[in-house]
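Novice: using only what follows, build the 3D model:
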Amino acid sequence: MSSRIDRKFAALAAQDRPALVCFVTAGDPDAMTSLEIARAMPAAGADLIELGMPFSDPMADGPAIQASGQRALKAGQTMAKTLDMVRAFRADDDDTPIILMGYYNPIYSWGPQRFLDDAKAAGVDGLIIVDLPPEADDELCLPAVERGIAFIRLAAPTTDDRRLPAVLANTSGFVYYVSILGITGTAAPDTARVAEAVTRIKRHTILPVAVGFGVRTAEQAAAIGRTADGVVVGSALVNAVRDSLDADGRATGETVPAVSRLVGELAAGVRSARAVAAE
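Specialist: Numbers count the residues shown, from 1 in each chain. Take a look at the predicted model:
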């Protein structure tokens, strides 16, 4: 049986356009507003949603996503509340894939098997756990795949052809190509090098390849989307949340609309990608 992720990428491939994958941190700036943001994203143009699981030591994240995680933790976000958020989202949307992204420590604390069962029941479609290498697949990856939860692996500019087969071995859903060296949101991707990397990865897998880290604008999204199957945007969206807050860090009436406007702009860029390439 195909998953929501499989169906989404297949539908978009039939339309000859890349996916827009939008990241926000669960619970930022508070649980209710975060849910409202997620609910508004598909109508604004998001094809898949990544929810960051707040963690106190997010080593791969840049300042923007680190700050969003701190706002969420300060507001009382927990793993239980993150799964509740997915469950509430699913009450109104049974189509948009939801991927949880984060680190293994909170999952280990929850209990890996219990976490996977609870995530599946809530409606989670995939996981991106940035600090679990392929050598630890028995820990979470294989049990996740057995439950029908995709385990999405990161490939980086440093992932050469010798390492790539290990990275791809048990990957499912899609491959997430990290377009820059370093942490999220700190540099702009080199689109020519990204295109070369996507082509190289596709020689090794039939899975879609989505590209993230450093994509902030509609123009960048269009450029990446000319060769990638998906474009992932995170830091720009969490900055839109940040910039909409009041002086005390609380949500305002502008918070959800600000994020939705940016999603709409990015979606327009992604949807123009193949049209531009064909000209």
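
Novice: for the rest of this, base every contact and every neighbour count on C-alpha atoms.
Specialist: Will do.

Novice: the helices in this protein, which residues?
Specialist: Counting by DSSP state H, the segments of the chain that form helices are 4-14, 31-44, 63-74, 79-90, 104-110, 112-122, 141-146, 164-168, 191-202, 218-225, 235-244, 255-278.

Novice: dump the fifth one to PDB, keeping only the CA atoms.
Specialist: Pointing back at helix 104-110 there. C-alpha atoms of helix 104-110 as PDB (Å, rounded to 0.1, in the frame of the first residue of the first chain):
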ATOM      1  CA  TYR A 104      17.100  11.100  18.700                       C
ATOM      2  CA  ASN A 105      17.300  12.100  22.300                       C
ATOM      3  CA  PRO A 106      13.600  13.000  22.800                       C
ATOM      4  CA  ILE A 107      12.600   9.800  21.000                       C
ATOM      5  CA  TYR A 108      14.900   7.700  23.200                       C
ATOM      6  CA  SER A 109      13.500   9.300  26.300                       C
ATOM      7  CA  TRP A 110      10.000   8.600  25.100                       C
END
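
Novice: now do it, average pLDDT.
Specialist: For helix 104-110, the mean per-residue pLDDT is 95.

Novice: which parts of that helix are buried?
Specialist: Neighbour-count burial for helix 104-110 flags 104, 106-107 (criterion: 16 or more other C-alpha atoms under 10 Å).

Novice: quick one: which of those residues is nearest residue 93?
Specialist: residue 107 (25.0 Å; C-alpha to C-alpha).

Novice: and the gap between the closest one and residue 78?
Specialist: Distance of residue 107 to residue 78, given as C-alpha to C-alpha, to the nearest Å: 11 Å.

Novice: can you check residue 64 too?
Specialist: 20 Å.
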